[in-house]
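In: kindly return the folded structure for what I paste below:
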Amino acid sequence: MNWQRFSRGVGWGVLATVIMSALMLIGVASGVSPMPKPIPAAIVGKMLGAGTPKPLLMSLAVLSHLAYGGFWGGIVAAVTKPITVRKGIAFSALLWLVMQVMVLPFLGWGAFGSSVSLKIAVATLVLHLVYGFSYGALMGRSEAVAPGASATS
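Out: Numbering: from 1, shown residues only. Next comes the predicted model:
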(Lines give C-alpha, C1' and ligand atoms only; values in the text may rest on other atoms or scores of the structure.)
Protein backbone atom coordinates (compact mmCIF):
# COMPACT_ATOMS: atom_id res chain seq x y z
CA MET A 1 0.00 0.00 0.00
CA ASN A 2 1.16 3.52 -0.75
CA TRP A 3 1.22 4.97 2.78
CA GLN A 4 1.92 8.52 1.58
CA ARG A 5 -1.19 8.42 -0.60
CA PHE A 6 -3.20 6.83 2.21
CA SER A 7 -2.04 9.57 4.61
CA ARG A 8 -2.97 12.32 2.16
CA GLY A 9 -6.39 10.70 1.75
CA VAL A 10 -6.82 10.61 5.54
CA GLY A 11 -6.02 14.32 5.78
CA TRP A 12 -8.47 15.31 3.06
CA GLY A 13 -11.05 12.90 4.49
CA VAL A 14 -10.79 14.59 7.88
CA LEU A 15 -11.19 18.04 6.30
CA ALA A 16 -14.20 16.86 4.27
CA THR A 17 -15.67 15.48 7.52
CA VAL A 18 -15.16 18.86 9.20
CA ILE A 19 -17.03 20.55 6.33
CA MET A 20 -19.88 18.02 6.50
CA SER A 21 -20.01 18.23 10.31
CA ALA A 22 -20.18 22.02 10.29
CA LEU A 23 -23.22 21.81 8.03
CA MET A 24 -24.75 19.13 10.27
CA LEU A 25 -24.24 21.24 13.39
CA ILE A 26 -25.76 24.30 11.71
CA GLY A 27 -28.81 22.19 10.88
CA VAL A 28 -29.10 20.90 14.45
CA ALA A 29 -28.57 24.34 16.03
CA SER A 30 -31.10 26.01 13.71
CA GLY A 31 -33.73 23.33 14.25
CA VAL A 32 -33.79 22.41 10.55
CA SER A 33 -32.29 18.97 11.13
CA PRO A 34 -34.83 16.13 11.38
CA MET A 35 -32.43 14.12 13.55
CA PRO A 36 -33.10 13.98 17.28
CA LYS A 37 -29.35 14.43 17.85
CA PRO A 38 -26.18 14.37 15.74
CA ILE A 39 -25.64 10.80 14.60
CA PRO A 40 -22.04 10.52 15.88
CA ALA A 41 -23.27 11.55 19.35
CA ALA A 42 -26.16 9.09 19.12
CA ILE A 43 -23.77 6.25 18.22
CA VAL A 44 -21.36 6.99 21.06
CA GLY A 45 -24.27 7.44 23.48
CA LYS A 46 -25.76 4.11 22.44
CA MET A 47 -22.43 2.35 22.88
CA LEU A 48 -21.46 3.93 26.22
CA GLY A 49 -24.91 4.28 27.77
CA ALA A 50 -27.24 7.06 28.81
CA GLY A 51 -25.17 8.01 31.86
CA THR A 52 -22.15 9.09 29.82
CA PRO A 53 -21.11 12.63 30.79
CA LYS A 54 -21.93 15.01 27.93
CA PRO A 55 -18.39 16.43 27.55
CA LEU A 56 -16.99 12.90 27.20
CA LEU A 57 -19.78 11.86 24.85
CA MET A 58 -19.31 14.88 22.59
CA SER A 59 -15.50 14.59 22.60
CA LEU A 60 -15.66 10.93 21.61
CA ALA A 61 -18.35 11.66 19.02
CA VAL A 62 -16.23 14.34 17.34
CA LEU A 63 -13.04 12.27 17.45
CA SER A 64 -14.72 9.11 16.16
CA HIS A 65 -16.47 10.99 13.36
CA LEU A 66 -13.23 12.63 12.22
CA ALA A 67 -11.41 9.29 12.44
CA TYR A 68 -14.16 7.55 10.45
CA GLY A 69 -14.15 10.18 7.69
CA GLY A 70 -10.36 10.23 7.60
CA PHE A 71 -10.05 6.44 7.54
CA TRP A 72 -12.41 6.07 4.59
CA GLY A 73 -10.71 8.96 2.81
CA GLY A 74 -7.43 7.07 3.19
CA ILE A 75 -8.93 3.81 1.96
CA VAL A 76 -10.43 5.45 -1.13
CA ALA A 77 -7.07 7.10 -1.90
CA ALA A 78 -5.30 3.77 -1.48
CA VAL A 79 -7.57 1.77 -3.77
CA THR A 80 -8.37 4.16 -6.60
CA LYS A 81 -6.52 6.71 -8.66
CA PRO A 82 -7.19 9.36 -9.63
CA ILE A 83 -9.68 10.69 -7.13
CA THR A 84 -12.36 12.80 -8.77
CA VAL A 85 -15.43 14.60 -7.51
CA ARG A 86 -17.53 11.92 -9.19
CA LYS A 87 -15.69 9.14 -7.33
CA GLY A 88 -15.95 11.06 -4.06
CA ILE A 89 -19.69 11.48 -4.49
CA ALA A 90 -20.18 7.83 -5.48
CA PHE A 91 -18.23 6.63 -2.47
CA SER A 92 -20.07 8.96 -0.11
CA ALA A 93 -23.38 7.59 -1.45
CA LEU A 94 -22.18 4.08 -0.59
CA LEU A 95 -21.27 5.19 2.95
CA TRP A 96 -24.70 6.81 3.21
CA LEU A 97 -26.42 3.57 2.18
CA VAL A 98 -24.49 1.59 4.79
CA MET A 99 -25.54 4.14 7.39
CA GLN A 100 -29.19 3.82 6.39
CA VAL A 101 -29.35 0.03 6.64
CA MET A 102 -26.92 -0.62 9.50
CA VAL A 103 -26.27 2.42 11.69
CA LEU A 104 -29.75 3.93 11.87
CA PRO A 105 -31.39 0.58 12.77
CA PHE A 106 -28.65 0.10 15.43
CA LEU A 107 -29.71 3.42 16.93
CA GLY A 108 -33.34 2.30 16.95
CA TRP A 109 -34.25 4.88 14.32
CA GLY A 110 -35.19 2.24 11.71
CA ALA A 111 -33.84 1.79 8.21
CA PHE A 112 -33.65 5.18 6.48
CA GLY A 113 -34.76 6.77 9.77
CA SER A 114 -38.26 5.38 9.26
CA SER A 115 -38.97 5.09 13.00
CA VAL A 116 -38.25 8.80 13.50
CA SER A 117 -38.67 10.63 10.18
CA LEU A 118 -37.89 9.72 6.59
CA LYS A 119 -36.47 13.24 6.30
CA ILE A 120 -33.41 11.79 8.06
CA ALA A 121 -32.61 9.84 4.90
CA VAL A 122 -32.65 13.00 2.80
CA ALA A 123 -30.73 15.10 5.34
CA THR A 124 -28.00 12.49 5.76
CA LEU A 125 -27.77 12.02 1.99
CA VAL A 126 -27.15 15.74 1.54
CA LEU A 127 -24.48 15.66 4.27
CA HIS A 128 -22.77 12.64 2.73
CA LEU A 129 -22.82 14.21 -0.73
CA VAL A 130 -21.17 17.32 0.77
CA TYR A 131 -18.48 15.03 2.22
CA GLY A 132 -18.00 13.24 -1.11
CA PHE A 133 -17.89 16.43 -3.15
CA SER A 134 -15.46 18.06 -0.72
CA TYR A 135 -13.23 15.00 -0.53
CA GLY A 136 -13.21 14.49 -4.29
CA ALA A 137 -12.44 18.14 -4.99
CA LEU A 138 -9.73 18.42 -2.34
CA MET A 139 -8.00 15.09 -3.00
CA GLY A 140 -8.39 15.49 -6.77
CA ARG A 141 -6.84 18.95 -6.63
CA SER A 142 -3.93 17.71 -4.53
CA GLU A 143 -3.29 14.97 -7.10
CA ALA A 144 -3.37 17.45 -9.98
CA VAL A 145 -0.60 19.56 -8.47
CA ALA A 146 2.79 18.51 -9.78
CA PRO A 147 5.32 17.41 -7.14
CA GLY A 148 7.18 20.44 -5.80
CA ALA A 149 4.60 22.93 -7.11
CA SER A 150 2.21 24.84 -4.91
CA ALA A 151 -1.55 24.31 -5.08
CA THR A 152 -1.99 27.94 -6.15
CA SER A 153 0.24 27.78 -9.22
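
In: what about the strands in this structure?
Out: With DSSP state E, there are no strands along the chain.

In: quick one, longest helix in this structure?
Out: Ranked by residue count under DSSP state H, the longest helix found in the chain is helix 3-30.

In: avg pLDDT for that helix?
Out: In this model, helix 3-30 has a mean pLDDT of 94.

In: in that helix, which residues are buried?
Out: 5-6, 8-21, 23-24, 27 (16 or more other Cβ atoms under 10 Å). Where you see a C-beta, it was placed from the backbone N, CA and C, and this is true even at glycine.

In: residue 26: what's it in contact with?
Out: Residue 26 makes contact with residue 32, according to Cβ atoms under 8 Å, 6 or more residues apart in numbering.

In: residue 92 versus that one, what's the distance?
Out: 19 Å (Cβ to Cβ, to the nearest Å).

In: check residue 124 too.
Out: 10 Å.

In: how about residue 6?
Out: Distance from residue 6 to residue 92, by Cβ to Cβ: 18 Å.

In: now the protein, which segments are flagged as low pLDDT?
Out: 144-153 (pLDDT under 70).

In: recalculate using a threshold of 50.
Out: 146, 149-153 (pLDDT under 50).

In: can you give me the helices in it?
Out: 3-30, 39-48, 54-79, 85-98, 104-107, 119-144.

In: could I get those helices in a markdown table, plus columns for distance to residue 113?
Out: As requested, the helices of the chain are exported to a markdown table (distance: least, Cβ to Cβ, whole Å):
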| stretch | distance to residue 113 |
| --- | --- |
| helix 3-30 | 14 |
| helix 39-48 | 10 |
| helix 54-79 | 18 |
| helix 85-98 | 12 |
| helix 104-107 | 5 |
| helix 119-144 | 3 |
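
In: how close does residue 75 sit to residue 115?
Out: Taking Cβ to Cβ, one finds residue 75 at 30 Å from residue 115.

In: residue contacts, residue 32?
Out: residue 26.

In: what about 6 Å?
Out: Residue 32 makes no contacts at all, as judged by Cβ atoms under 6 Å, 6 or more residues apart in numbering.

In: wait, residue 120 touches residue 36, no?
Out: No: at 9.1 Å, residue 120 does not count as touching residue 36 under the criterion of Cβ atoms under 6 Å.

In: neighbour count: those two, which is higher?
Out: residue 120 (23 against 15; other Cβ atoms under 10 Å).
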